[in-house]
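Student: Sharing a model prediction with you, sequence too.
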Amino acid sequence: MIEVFAPAKINLSLHVTGQRADGYHLLDSLVTFGPMGDRLLVSDGNTLSLTVEGPEAAGVPADMNNLILKAAELISDGRGAAFTLQKFLPAASGIGGGSADAAAALRGLMALWQIGRDWRDETDALRAFAGQLDGLEQLGADVPMCLMNHPARVRGIGERLDWVPLGAIPAVLVNPRVEVSTPAVFKALASKNNAPMPDDIPRFSGIQDFVPWLAQQRNDLQAPAIALQPVIGEVLTRLEATEGAMLARMSGSGATCFAIYPDQNHARAAAEKLYRDHPRWWVAGGVLGDQFKRGLPVS
């Protein structure tokens, strides 16, 4: 039995810089990962199968519509595996839950079937493995970045990854329990040819140095998502009102939003208050950053 952690993926910024002829959108995004996430159990099986359980399991498909089984099919070569997904991240929430699960499935199968064993210590080897996978792009733009779980600048349609040493970011994530359709958000986006982030991302001495720079960046999908689901605007207002909040923004195409705090104590207090005031919302606090080691499979 192999156990794999699938960390949440947070878009700290998301600039939509163009659209290709085939419909894919071009992005320039700063991404990091959280200590909150799903857990995936992987064991030998006669066929590829999936069981979904946990507090966020409702509505999550357990058939070939799930990216876990689609990812497994890419490298199975006729072999079977049984997956049990313990779902803790809300579905369709803009924090890469499905993509993180698919990436965890690939890491788990690599461990189970002893594929490319050196990737555990060398992330470039894992990235090379991803580059050699035929059909990986069919799983979506987020899967390659979720394989490594390193803070990164992501460009193109998700295939251009450059590691960025962001350090620890105390934060709170909130989802108001509404699903947002990514295609609908992109369709509602007024301009699809927007300015990218600066050519060079500076090295930051700490959170006080980082947040003012991040505040100058954008999530171009935030406004159209709020137009489709106004409660996202309420979430941002509530986050901004918490003590110590330095910046509040939506992640990805929504509806999950995040706020950044100067330290863990402020983040913890904010999470507790938001959960008390809005018990129906999904609320999670923690330190965002490099989650590569936490994402390594264990047996």
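Tutor: Nice, I can see it.

Student: which ones are touching Gly96?
Tutor: Listed by CB atoms under 8 Å, 6 or more residues apart in numbering, the contact partners of Gly96 are Ala8, Lys9, Asp142, Cys146, Gly252. Where you see a C-beta, it was placed from the backbone N, CA and C, and this is true even at glycine.

Student: Show me what the closest residue to it other than its chain neighbours bridges to in the sheet.
Tutor: Take Gly96 and drop its neighbours on the chain: the residue closest to it by CB to CB, 6 or more residues apart in numbering is Lys9, 3.2 Å away. Beta-bridge pairing for Lys9 (DSSP bridges): Phe33.

Student: Check Leu173 too.
Tutor: Following DSSP bridges, Leu173 is listed with bridge partners Phe258, Ala284.

Student: Can you tell me which of the contacts of Gly96 comes closest to Asp38?
Tutor: Closest to Asp38 out of the contacts of Gly96 is Ala8 (8.5 Å), distances taken as CB to CB.

Student: wait, doesn't the closest one sit right on Thr32?
Tutor: No - taking contacts as CB atoms under 8 Å, Ala8 lies outside contact range of Thr32: 9.5 Å.

Student: Which of the two has more residues huddled nearby?
Tutor: Ala8 (30 against 26; other CB atoms under 10 Å).

Student: how near is the nearest residue to Met36 once chain neighbours are set aside to His25?
Tutor: Closest residue to Met36 apart from its sequence neighbours, by CB to CB, 6+ apart: Ala284 at 4.3 Å. According to CB to CB, to the nearest Å, Ala284 and His25 sit 28 Å apart.

Student: The two: which has the busier surroundings?
Tutor: Ala284 (22 against 19).

Student: Was I right to think the more buried one contacts Ser251?
Tutor: No - counting by CB under 8 Å, Ala284 does not reach Ser251; the two are 12.0 Å apart.

Student: Can you list the helices and strands that the least confident helix or strand in the chain by mean pLDDT packs against?
Tutor: Ranked by mean pLDDT, DSSP states H and E, the weakest helix or strand in the chain is helix 123-131, scoring a mean of 72. With contacts defined as 3 or more CB pairs under 8 Å, 6 or more residues apart in numbering; DSSP states H and E, the packing partners of helix 123-131 are helix 143-148.

Student: Need the residues that contact the helix it packs on.
Tutor: By CB under 8 Å, 6+ apart, the surrounding residues in contact with helix 143-148 are 6-7, 9, 31, 67, 71, 96, 99-100, 102-104, 106-107, 123, 126-127, 130, 136, 152, 154, 158-159, 161, 292.

Student: ok, now stretch 274-289?
Tutor: By CB under 8 Å, 6+ apart, stretch 274-289 touches 8, 10, 32-36, 56, 90, 93, 151, 166-177, 235, 238-239, 242, 256, 258, 264, 267-268, 270-271.

Student: Sitting in helices, which of those residues do you find?
Tutor: Counted as lying in helices by DSSP state H, out of these, are Val235, Arg238, Leu239, Gln264, Ala267, Arg268, Ala270, Ala271.

Student: Need these in TSV (columns: neighbour count, distance to Leu228 and pLDDT).
Tutor: Shown next, in TSV, are these (neighbours: other CB atoms under 10 Å; distance: CB to CB, whole Å; pLDDT from 0 to 100):
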residue	neighbour count	distance to Leu228	pLDDT
Val235	26	14	98
Arg238	21	19	98
Leu239	22	19	98
Gln264	14	33	97
Ala267	24	28	98
Arg268	15	31	97
Ala270	25	26	98
Ala271	21	26	98
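
Student: Looking at those residues, which one is closest to Ala82?
Tutor: Checking the ones in helices among the contacts of stretch 274-289 against Ala82 by CB to CB gives Ala271 as the nearest, at 34.7 Å.

Student: Name the nearest residue to that closest one, ignoring sequence neighbours.
Tutor: Gly285 (3.4 Å).

Student: Which among the contacts of stretch 274-289 count as buried?
Tutor: Among the contacts of stretch 274-289, those classed as buried by 16 or more other CB atoms under 10 Å are 8, 10, 32-34, 36, 56, 90, 93, 151, 166-167, 169-176, 235, 238-239, 242, 256, 258, 267, 270-271.

Student: Nearest residue to the residue located most distally from the centre of the chain in space, please, no chain neighbours.
Tutor: Farthest-out residue of the chain from its mean C-alpha position, per CA atoms, centre = their mean: Asn46, at 30.7 Å. Spatial nearest neighbour of Asn46, chain neighbours left out: Gly80 (4.7 Å); criterion: CB to CB, 6+ apart.

Student: quick one: the strands in the stretch 51-200 of the chain?
Tutor: Assignment of strands within the stretch 51-200 of the chain using DSSP state E, counting those that start in this stretch yields the ranges 80-86, 152-156, 160-163, 169-175.
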